[in-house]
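J.: Take this sequence and fold it.
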Amino acid sequence: MKHDADDPPIPIRIYQQIMPAPAAAGSMLLAKFRVYLPDRPGSLAGFASAIAEAGGNISFFHYDRAADGSRVVVEAQLANQHDLDALIASLREKQYGFERGGIAEDEVLVTAVESILEVKVRLENEPGTLAVFARLLAEHGANVIYMLYDEDIDPGSADIAMATTNPQEINRLMHAINEKGYHYRVLYRGSDEQEAANIIGLNMVEKFFLRLKKLLPTSDVAEIKSLIGSSKDLYQDLVQFYAEAGKNLEAGDVFETVLTFASRSRSRTGEKFSAAPMRPLSFPGGVTLYGFRLPTSENVYVVKNGDDITLIDTGHGIYYNDLKNLIRKQGMDPAKVGRIFVTHPDTDHAGASGYFEQEFGTGIFMHAGSAEVITHGNRAQGTTGALLSLNKYYTRLSSRFTDCRFPSRPHYFQSTEIGRAGAFSIIDRFEIGQLAFDVLESLGGHTPGLVFYLNREFGLLFTSDYLLNVKSLSAEDKEHLGIYRYLLTSPNSDNRIYKEETAGLKDLSAALNDELTVRKREVLIFPGHGEYYRAEELTNT
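T.: Purely as a prediction, here's the structure:
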């Protein structure tokens, strides 16, 4: 094979083959090679034209944009070595690459299934036929996203899937194909009823885009593209993880599930927002405690003390305006939210705290360990292990989808032990009216920077993401909480420690419940998800 000294070698297989010629049988070359083309309309036309100009006839052609956005595998019959050299020179001149020039990131170019058309078209098995048809597609801005032609299987037809810039162009393209006299059969024409995951030729991020577009019908293209862009790191990490773990699983299936649940919050705002209320509790001094379960199952607790309002956790940032409206509906002014006590820095518990800080100057109180999680965007910051590293990407994805805004000037609890509550250190205290709370430091089983809040007098124990009231959750709530099984990881930094903490919280609540029984009171568990409940029900949760 002739090539310049500076040219890289071409991965090409050449076979000598006797082919029938018009006059007599003669020796022809059968060359099979791969080429990397730009993923844009007209690329196929230019490539096929170069083969036709060299007198080549395509006997095999395969391109699947879903597998690789630029790689084409082609087999072509040429008269002799001179024609093959001319073809290679022409392809180099057109700047087509014979080796991958680098890993290109998938982009969202197809934004509507209605702009996708797949056909089986009759094409004469002779030089230039594919080039002519490809030029017709290019004239209508149609980008080929999949093509398979195999002379050995069917020498007279090819399967071609294409996408235009807008759905209206599909009709014009089909009209033009009819006018040119091509015989074809439609294999797929996009419609909302079709599942994007089954459309041939779409790259992974486009499948995600179309799924989100269906989930978020009120969002515009630019917004969904932006959301998709925030998830590429997670996709790459999942691919690497599966390669290392040797799992026979599709990263796309896992990732699509993650996106589905992450997008749920965006479709439950405004008129579609609803919060499940819990029975309010009243305490001496005019203090009233309200509890609400937000659409993605997390709880927000609102404590009213006269005109002053205190929140324990806030839910996702996407619910900020809905949460303010919810507070108003209880006859309270959200501008009076003076303090927010955050249990831990997961987005479904702290995501709206920064909005309150920014708009009302609300003081946000949290554990100092939250700072590392917020700074590094990793809910598992400080831990190790391949599985736990996925939490970093989940944190970023969740933050982006749910419009998380952490506080910029948080107040941190003090870190020295000032007392004990069972297995836990008491590191700080605060009061809401006549209710006094101890701040209990987690041992680190769930996520860094997690605390529990305990009022001993009335037996109020806020357990964050421990001792959840699972039986009070809907099937959809449970599915949302089970998102980590799709990441093949755990919601906890250390499951062993998490189990120890769970046992410690049960022991603490049981001991305190015994103390309060003589005063005809009982411990109430206020979890981060699900209804609050009596401590004696712990064995059933």
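J.: List phi and psi for residue 432.
T.: Dihedral pair for residue 432: phi -120, psi 100, per degrees, to the nearest 10.
J.: show me what contacts it?
T.: When the contact criterion is CB atoms under 8 Å, 6 or more residues apart in numbering, the partners of residue 432 are 287, 303, 305, 310. To be clear about C-beta, it is placed using only N, CA and C from the backbone, and glycine gets the same treatment.
J.: Just say helix, strand or coil for residue 114.
T.: helix (DSSP: H, G, I helix; E, B strand; the rest coil).
J.: do the same with residue 439
T.: Using three-state DSSP as the criterion, the local structure at residue 439 reads strand.
J.: Compile the contacts of residue 432 into CSV and extend it with columns for secondary structure.
T.: Conversion of these to CSV gives the following (three-state DSSP):
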residue, secondary structure
287, strand
303, strand
305, strand
310, strand
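J.: So which of the residues you listed is the closest to residue 507?
T.: For residue 507, the nearest member of these is residue 303. The distance, counting by CB to CB, is 26.4 Å.
J.: distance of the nearest residue to that closest one once chain neighbours are set aside from residue 288?
T.: Leaving aside its chain neighbours, residue 303 sits nearest to residue 310 (4.5 Å; criterion: CB to CB, 6 or more residues apart in numbering). In this view, residue 310 and residue 288 are 11 Å apart by CB to CB, to the nearest Å.
J.: again, but for residue 311
T.: Remark: distance between residue 311 and residue 288 (CB to CB) = 13 Å.
J.: Then residue 308?
T.: Computed with CB to CB, the distance linking residue 308 and residue 288 is 12 Å.
J.: ends of stretch 151-159, how far apart?
T.: Counting by CA to CA, to the nearest Å, the length from the leading to the trailing residue of stretch 151-159 is 12 Å.
J.: contact partners of that stretch?
T.: Outside stretch 151-159, the residues within contact range by CB under 8 Å, 6+ apart are 59-61, 118-125, 130, 146-149, 187.
J.: From the chain's centroid, how far away is it?
T.: Shown here is stretch 151-159, whose average C-alpha point lies 39 Å from the average C-alpha point of the whole chain (CA atoms, centre = their mean, to the nearest Å).
J.: now that stretch: mean pLDDT?
T.: Per-residue pLDDT values across stretch 151-159 average out to 91.
J.: still on that earlier bit, generate JSON lines for the contacts of residue 432, with pLDDT, neighbour count and distance to residue 236 as supplementary columns.
T.: What follows is these, written out as JSON lines (pLDDT from 0 to 100; neighbours: other CB atoms under 10 Å; distance: CB to CB, whole Å):
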{"residue": "287", "pLDDT": "97", "neighbour count": "19", "distance to residue 236": "50"}
{"residue": "303", "pLDDT": "98", "neighbour count": "23", "distance to residue 236": "43"}
{"residue": "305", "pLDDT": "97", "neighbour count": "20", "distance to residue 236": "49"}
{"residue": "310", "pLDDT": "98", "neighbour count": "25", "distance to residue 236": "42"}
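J.: Which members of those are the farthest-apart pair?
T.: Between any two of those (CB to CB), the greatest distance is 9.5 Å, for 287 and 310.
J.: Which residues belonging to the longest strand belonging to the chain are considered buried?
T.: When the chain is scanned for its longest strand (criterion: DSSP state E), the result is strand 26-36. Taking 16 or more other CB atoms under 10 Å as the neighbour-count basis, strand 26-36 is seen to contain the buried residues 28-31, 33-36.
J.: same for it, what does it pack against?
T.: Of the remaining helices and strands, those touching strand 26-36 by 3 or more CB pairs under 8 Å, 6 or more residues apart in numbering; DSSP states H and E are strand 12-19, strand 71-78, helix 81-93.
J.: With distance to residue 356, mean neighbour count and mean pLDDT added, can I get these in CSV?
T.: Putting the helices and strands packed on strand 26-36 into CSV (distance: least, CB to CB, whole Å; neighbours: other CB atoms under 10 Å; pLDDT from 0 to 100) gives the following:
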stretch, distance to residue 356, mean neighbour count, mean pLDDT
strand 12-19, 64, 11, 54
strand 71-78, 51, 20, 91
helix 81-93, 60, 17, 89
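J.: Please name whichever of those is nearest to residue 438.
T.: The minimum distance between residue 438 and those falls on strand 71-78, with 62.0 Å, by CB to CB.
J.: which non-adjacent residue is nearest residue 163?
T.: Looking at residue 163 with CB to CB, 6+ apart, the closest residue is residue 110, at 4.6 Å.
J.: That neighbour: how many residues sit nearby?
T.: 25 (other CB atoms under 10 Å).
J.: quick one: secondary structure of it?
T.: On the three-state scheme (three-state DSSP), residue 110 is labelled coil.
J.: right, and it touches residue 142 too?
T.: No. The pair residue 110 and residue 142 fails to qualify as a contact (CB atoms under 8 Å) at a distance of 11.3 Å.
J.: What residues does residue 392 make contact with?
T.: With contacts defined as CB under 8 Å, 6+ apart, the neighbours of residue 392 are 376-380.
J.: one step back: report the buried members of the contacts of stretch 151-159.
T.: When the contacts of stretch 151-159 are checked for burial by 16+ other CB under 10 Å, the buried set is 59-61, 118-119, 121, 123, 130, 146-149.
J.: Let me have these in JSON lines, extended by distance to residue 363 and secondary structure.
T.: Output for the buried ones among the contacts of stretch 151-159, formatted as JSON lines (distance: CB to CB, whole Å; DSSP: H, G, I helix; E, B strand; the rest coil):
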{"residue": "59", "distance to residue 363": "73", "secondary structure": "strand"}
{"residue": "60", "distance to residue 363": "69", "secondary structure": "strand"}
{"residue": "61", "distance to residue 363": "66", "secondary structure": "strand"}
{"residue": "118", "distance to residue 363": "58", "secondary structure": "strand"}
{"residue": "119", "distance to residue 363": "63", "secondary structure": "strand"}
{"residue": "121", "distance to residue 363": "67", "secondary structure": "strand"}
{"residue": "123", "distance to residue 363": "71", "secondary structure": "coil"}
{"residue": "130", "distance to residue 363": "69", "secondary structure": "helix"}
{"residue": "146", "distance to residue 363": "57", "secondary structure": "strand"}
{"residue": "147", "distance to residue 363": "61", "secondary structure": "strand"}
{"residue": "148", "distance to residue 363": "63", "secondary structure": "strand"}
{"residue": "149", "distance to residue 363": "68", "secondary structure": "strand"}
